[in-house]
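Novice: Sequence first, predicted coordinates after that:
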2 protein chains.
Amino acid sequence: MVCACPVLAQCLGAQAPTLVEQDSRSGLVLVKNPHLDLMEEDVLYHLDLGTKTHNLPAMFGDIKLSPDTAIFDFQFVCVGGSPNRMRAFAQFMQRELGLAGAGEDVADICAGSDRYAMYRAGPVLSISHGMGIPSISIMLHELIKLLHHAKCRDVTIIRIGTSGGLGIEAGSVVITDTAVDSSFQPRFEQVVLDDVVVRSTELDKDLAEELLACSRDIPDFPTLIGHTMCTYDFYEGQGRLDGALCSFSNEKKLEYLRRAYDAGVRNIEMESTAFAALCGLCGLKAAVVCVALLDRLEGDQIRASHEVLWEYQQRPQRLIAAFIRKRLGLFPTD
Amino acid sequence: MVCACPVLAQCLGAQAPTLVEQDSRSGLVLVKNPHLDLMEEDVLYHLDLGTKTHNLPAMFGDIKLSPDTAIFDFQFVCVGGSPNRMRAFAQFMQRELGLAGAGEDVADICAGSDRYAMYRAGPVLSISHGMGIPSISIMLHELIKLLHHAKCRDVTIIRIGTSGGLGIEAGSVVITDTAVDSSFQPRFEQVVLDDVVVRSTELDKDLAEELLACSRDIPDFPTLIGHTMCTYDFYEGQGRLDGALCSFSNEKKLEYLRRAYDAGVRNIEMESTAFAALCGLCGLKAAVVCVALLDRLEGDQIRASHEVLWEYQQRPQRLIAAFIRKRLGLFPTD
């Protein structure tokens, strides 16, 4: 699918293919904003970081995996809704990569703000994004500028989240091939001033296949590839019968969810279309890997115990750890 | 303005005026969902509360302001984006109302979840909602069901937030008369299954005037009434030149913001239309009171120091404290 995004075309003009190609070769993160070069300082307000207050290349640039190993460029960014989960993921990756400090607490790089939390485990950055498209969009704009200012190269970005499954067993992990909107279309509508711009929600197909291949080494939970539907609302927008407002019947709900299933949707969450659109436009190889906390064809409420839900949430983390270890040429630890 | 919401009409059918009238007399919170009565248990997942696991009427029903004063029904719910700010507000209200435990830490009622934080200070509940419409919508659905299950009456709900000002001095406090979308229209478009339903964003005019009257006793910062524009995006959607993507010129930006100003918009944030729509449909008297962190006609970046921003953020809190004290018949403390 070719992105025919008018904003991108307008921003890059006739030079678009050349510029994209160049940046694709350099591996640098693309910011598509001519105004940024004119700014003396860039305050990344919601991350509580900035180009004058922090040495971003030193903080986020070349990474030593351990004192006696080679220098890696910073390579993996993992994002997810919950700050606690993203802290746990950073600690998990410290152990998985055998990093110094494993088992100890990790420091929140964005401690001066409570909007997002950010942790680093060697070549892995782990960041929370809150819930919903507006929340993840703010974080991604500032993260992408951060990676640009820090001159990071060849960044792979993965959203590891929770979702409602569709016709799949609770606890299944879905690797998204295409993020679709509530009409099952692979598009993200972005308001720019008061115009609506339609953007592609294409994700990296090779990365999705690579992740699926990694999942074959983890036989104790099912992993599959499918479409992920992204909505602006958890209750009415996802056809739940248990919100403060509900105007539709169980039959109407099931008819809608079955249409989604027939269109290839295997899980539903609230960030993937914006994530795919923004990362795609900025040259980041992106994937979405979410565990299903329930099967929405069987119910609406998330009733599993804290322990079961915690174990479910570790499944995308385990898959991503296997993928990162493989990419870094490390032996499997389990 | 009469709300011609098709969902509400469909949900309540011909009985709508009678039911609304009855609930308006009883002061109870309206949930407009016939399915809820059929549920044995209601798990408020993102708040980590539930009807079987918690005694919600005991936790949130009648409130004693202090051991030797009268019993108040639970009356005030204040919501805001940042969990730290909402904890600080609960502590501030403890002091302002002279409650037992003032000066001590407050417990997070939703400690089992890191999606939202909730604190209580006597008759005031203080809850964080994260950033953006999807995030506040999830919280409001679960909060409204909570208030319903707890049989709370005569609830006044106020969003105390931060915003970008429009043609007003940084630090000004804006009381919203009407929440408008990015086209300056007083409407909220809610996707229900795959239909779009348009809802009214009317707020309580008397409450806004009452708040403005309270502000006259606080002369050390300007307070005004105006329209508040609500967007789905902080960067492109609000005409910022400093995002990772920007396809428009400074002139186009200013032309858009000036049109917003001419339409009566005095500040811009990311939650008010959904807040007004949901609260209005559920019979909650609602207000939005936000401080402007900058004047968007003068710039995009939030550059003020932490100290200045912290003081700005206390301004809506001080106004709401004065309002609550007045409602409770308490003497001013400053």
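Specialist: Nice, I can see it.

Novice: Please, where are all the helices along chain A?
Specialist: Counting by DSSP state H, the segments of chain A that form helices are A:6-12, A:16-26, A:56-60, A:83-96, A:133-149, A:205-215, A:250-262, A:272-281, A:306-327.

Novice: And the contacts of the shortest one?
Specialist: So that's helix A:56-60. Helix A:56-60 has contacts (C-beta atoms under 8 Å, 6 or more residues apart in numbering or on different chains) with A:49, A:74, A:109, A:125, A:146-147, A:149-152. Every residue, glycine included, has its C-beta placed from N, CA and C.

Novice: min pLDDT across those, which one?
Specialist: Lowest in pLDDT among those is A:F74, which has 59.

Novice: Can you get me a residue count around A:G239?
Specialist: Residue crowding around A:G239 was assessed by other C-beta atoms under 10 Å in any protein chain shown; the count is 25.

Novice: Okay, domains of chain A per the record?
Specialist: Chain A resolves into domains spanning A:1-26, A:31-154, A:161-328 when parsed by automatic domain parsing.

Novice: and B:H129, which of those is closest to it?
Specialist: domain A:31-154 (9.7 Å; C-beta to C-beta).

Novice: Show the end-to-end separation of the closest one, please.
Specialist: End-to-end distance of domain A:31-154 (C-alpha to C-alpha, to the nearest Å): 14 Å.

Novice: excluding its backbone neighbours, what's nearest A:G283?
Specialist: A:L30 (4.1 Å; C-beta to C-beta, 6 or more residues apart in numbering or on different chains).

Novice: List the residues that contact A:H46.
Specialist: Applying C-beta under 8 Å, 6+ apart, the residues near A:H46 are A:113, A:115-116, A:138-139, A:142, B:131.

Novice: ok, now which ones touch A:S272?
Specialist: By C-beta under 8 Å, 6+ apart, the contact list for A:S272 reads A:159, A:176, A:179, A:201, A:228, A:230, A:288.

Novice: which residues does the closest residue to it other than its chain neighbours bridge with?
Specialist: Counting by C-beta to C-beta, 6+ apart, A:S272 lies nearest to A:A179, which is 3.7 Å off, once chain neighbours are set aside. Residues in a beta bridge with A:A179, per DSSP bridges, are A:T228.

Novice: before we move on, the earlier item: comparing the helices of chain A by mean pLDDT, which bottoms out?
Specialist: Across those, the lowest-scoring stretch is helix A:6-12, with a mean of 36.

Novice: In CSV, list the C-alpha atoms belonging to stretch A:88-103.
Specialist: Presented in CSV, the C-alpha positions along stretch A:88-103 are these (Å, rounded to 0.1, in the frame of the first residue of the first chain):
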residue,chain,number,x,y,z
ALA,A,88,8.4,-3.9,34.9
PHE,A,89,9.3,-4.4,31.2
ALA,A,90,12.5,-2.4,31.6
GLN,A,91,13.5,-4.5,34.7
PHE,A,92,12.6,-7.7,32.8
MET,A,93,14.9,-6.6,29.9
GLN,A,94,17.7,-5.8,32.3
ARG,A,95,17.6,-9.4,33.5
GLU,A,96,17.1,-10.9,30.0
LEU,A,97,20.1,-9.0,28.5
GLY,A,98,22.2,-9.7,31.6
LEU,A,99,22.8,-6.0,32.2
ALA,A,100,24.6,-4.4,35.1
GLY,A,101,22.0,-3.4,37.8
ALA,A,102,19.6,-6.3,36.9
GLY,A,103,17.3,-6.9,39.8
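
Novice: So which residues make contact with that stretch?
Specialist: Contacts of stretch A:88-103 (C-beta under 8 Å, 6+ apart): A:65-67, A:78, A:80, A:104-106, A:119-124, A:126, A:160, A:314, A:317, A:320-321, A:324-325, A:328, A:330, A:333.

Novice: Swap in 6 Å and give it another go.
Specialist: Residues from elsewhere that reach stretch A:88-103, judged by C-beta atoms under 6 Å, 6 or more residues apart in numbering or on different chains: A:106, A:119, A:121-122, A:124, A:126, A:317, A:321.

Novice: same thing with stretch A:231-240?
Specialist: Where contact means C-beta under 6 Å, 6+ apart, the residues beyond stretch A:231-240 that reach it are A:182, A:243, A:253, A:256-257, A:268, A:270, A:300, B:134, B:137-138, B:141, B:191-193.

Novice: Restricted to buried residues, select those residues in ChimeraX.
Specialist: Only the buried entries of the contacts of stretch A:231-240 go into this ChimeraX selection, using 16 or more other C-beta atoms under 10 Å in any protein chain shown:
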select /A:182,243,253,256,257,268,270,300 /B:134,137,138,141,191,192,193
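
Novice: now, which of the contacts of stretch A:231-240 sits nearest B:C282?
Specialist: B:H141 (9.4 Å).

Novice: tell me the contacts of that closest one?
Specialist: Counted by C-beta under 6 Å, 6+ apart, B:H141 has contacts A:235, A:243-244.

Novice: Make a markdown table out of the residues you listed and add pLDDT and distance to B:C214.
Specialist: Putting those into a markdown table (pLDDT from 0 to 100; distance: C-beta to C-beta, whole Å) gives the following:
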| residue | pLDDT | distance to B:C214 |
| --- | --- | --- |
| A:Y235 | 98 | 34 |
| A:G243 | 98 | 33 |
| A:A244 | 98 | 29 |
